[in-house]
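S.K.: Curious how this folds, go ahead:
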Amino acid sequence: MYSPDSLLLRLMAMEQWPTMFWRGLIGGCAVTLVLILMYGRGYPAKILALRGYGLAFATAFVATSFCFIFAVRETSVGNTLFIVSTSPVFSALISWAALGERPDRRTIRTIAIALAGIALIAFGGANEGGPDSLIGDLAALGAAFFLASSFVISRSVRPLDMTPMLGPAALMSAVVASVFVADFTVPAAALPPLLAMGLLVMPVATWCLTMGPRHIPAVEVSLLMLIEAVIGPLLVWWALSEYPGDTTLIGGAMIISALAWSSIERLRRR
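M.R.: So this is what the prediction gives:
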């Protein structure tokens, strides 16, 4: 569900702060409405039960959104998704330090193979970045760190559910962005991808990523997120005729193979 995100951001072709504002406002309102219908009068109590963890999750959500949107604008989609996909490394380190979840050999092996595949993707698109690609790459690195942090936070509150914070977290990103927006106007051409992102892609994908760490380790969630690094550039290729390159296709095959191998081995153990 997250895979079309970078393509939709490219199609919108808006400045960073208005994009973050409308993305957070539309998505936050949609998710909050659904949550109110789900939980009814007990919704505020669900949020209060999360205490400081809920605020920490919302902060990580806002930081991830900011860094990702900025990175897509300042560097290539391939570079952005490659660097963001290093989140398994951060997840493993943060989970080990905060939760005592030491990664096993299978997880370490899968990270190594998958990152090698994504390194090929980055090598294939090394010349796509503009003159400001370095700052965009650093922003993508920040997105990887904050994304991994949100996974670990979601897992640390088990058996509580972080889902009630999805709406407020998205609305918080809109509030933060509104401080820096000079013009709230949305071009007509940007409206369809904006609505698709705010009403479908972001709410559903974020809900899935919030539920995932309740059932599997945060580093496993990050590993599955590597699929975005394969599908994302392919969608941009299909829609905007930006051929990702042979190395991207080879690297994508490595990622899919590594994830399949890891999943099959996990199922056999169970």
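S.K.: right, and the helix or strand after the lowest-mean-pLDDT helix or strand in the chain?
M.R.: Using mean pLDDT, DSSP states H and E, helix 218-225 stands out as the lowest-scoring helix or strand of the chain, at a mean of 71. Later in the chain than helix 218-225, the nearest helix or strand by DSSP states H and E is helix 227-240.
S.K.: Output whatever helix or strand comes next after that following helix as PDB, nothing but the C-alphas.
M.R.: If you walk from helix 227-240 toward the C-terminus, the next helix or strand you reach (DSSP H and E) is helix 246-269. In PDB, the C-alpha atoms belonging to helix 246-269 read as follows (Å, rounded to 0.1, in the frame of the first residue of the first chain):
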ATOM      1  CA  ASP A 246      18.800  -3.500 -15.200                       C
ATOM      2  CA  THR A 247      20.500  -3.300 -11.800                       C
ATOM      3  CA  THR A 248      17.300  -2.300 -10.200                       C
ATOM      4  CA  LEU A 249      15.500  -5.300 -11.700                       C
ATOM      5  CA  ILE A 250      18.300  -7.600 -10.500                       C
ATOM      6  CA  GLY A 251      18.400  -6.000  -7.100                       C
ATOM      7  CA  GLY A 252      14.600  -6.400  -6.800                       C
ATOM      8  CA  ALA A 253      14.800 -10.100  -7.500                       C
ATOM      9  CA  MET A 254      17.400 -10.400  -4.700                       C
ATOM     10  CA  ILE A 255      15.100  -8.600  -2.300                       C
ATOM     11  CA  ILE A 256      12.000 -10.700  -3.100                       C
ATOM     12  CA  SER A 257      14.100 -13.900  -2.900                       C
ATOM     13  CA  ALA A 258      15.600 -12.900   0.500                       C
ATOM     14  CA  LEU A 259      12.200 -12.100   1.900                       C
ATOM     15  CA  ALA A 260      10.600 -15.300   0.500                       C
ATOM     16  CA  TRP A 261      13.500 -17.400   1.900                       C
ATOM     17  CA  SER A 262      13.200 -15.800   5.300                       C
ATOM     18  CA  SER A 263       9.400 -16.200   5.400                       C
ATOM     19  CA  ILE A 264       9.500 -19.900   4.400                       C
ATOM     20  CA  GLU A 265      12.100 -20.600   7.100                       C
ATOM     21  CA  ARG A 266      10.000 -18.800   9.700                       C
ATOM     22  CA  LEU A 267       6.900 -20.900   8.800                       C
ATOM     23  CA  ARG A 268       8.900 -24.100   8.900                       C
ATOM     24  CA  ARG A 269      10.000 -23.300  12.500                       C
END
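S.K.: what is the orientation angle of helix 246-269 with helix 227-240?
M.R.: Note on geometry: by axes from the mean of the first three to the mean of the last three Cα atoms, to 10 degrees, helix 246-269 and helix 227-240 are set 140 degrees apart in direction.
S.K.: list the buried ones in helix 246-269?
M.R.: Buried residues in helix 246-269, counting neighbours by 16 or more other Cβ atoms under 10 Å, are found at Thr247, Thr248, Leu249, Gly251, Gly252, Met254, Ile255, Ile256, Ala258, Leu259, Ser262. Placement of C-beta: from N, CA and C, glycine included.
S.K.: Stretch 1-21 too?
M.R.: Within stretch 1-21, the residues that qualify as buried are 2-12, 14, 16-21, counting by 16+ other Cβ under 10 Å.
S.K.: Only C-alpha atoms, please: export it in PDB.
M.R.: Extracted in PDB, the C-alpha atoms of stretch 1-21 (Å, rounded to 0.1, in the frame of the first residue of the first chain):
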ATOM      1  CA  MET A   1       0.000   0.000   0.000                       C
ATOM      2  CA  TYR A   2       2.900   2.400   0.600                       C
ATOM      3  CA  SER A   3       4.500   1.600  -2.800                       C
ATOM      4  CA  PRO A   4       2.500   4.300  -4.800                       C
ATOM      5  CA  ASP A   5       3.300   7.000  -2.300                       C
ATOM      6  CA  SER A   6       6.500   8.300  -4.000                       C
ATOM      7  CA  LEU A   7       4.700   8.200  -7.400                       C
ATOM      8  CA  LEU A   8       1.800  10.200  -6.100                       C
ATOM      9  CA  LEU A   9       4.100  12.800  -4.600                       C
ATOM     10  CA  ARG A  10       5.800  13.100  -7.900                       C
ATOM     11  CA  LEU A  11       2.500  13.500  -9.700                       C
ATOM     12  CA  MET A  12       1.300  16.200  -7.300                       C
ATOM     13  CA  ALA A  13       4.400  18.300  -8.000                       C
ATOM     14  CA  MET A  14       3.700  20.600  -5.000                       C
ATOM     15  CA  GLU A  15       5.900  22.300  -2.500                       C
ATOM     16  CA  GLN A  16       6.900  20.300   0.600                       C
ATOM     17  CA  TRP A  17       4.900  22.100   3.300                       C
ATOM     18  CA  PRO A  18       1.600  22.300   1.500                       C
ATOM     19  CA  THR A  19       2.000  18.600   0.500                       C
ATOM     20  CA  MET A  20       2.600  17.600   4.100                       C
ATOM     21  CA  PHE A  21      -0.300  19.800   5.300                       C
END
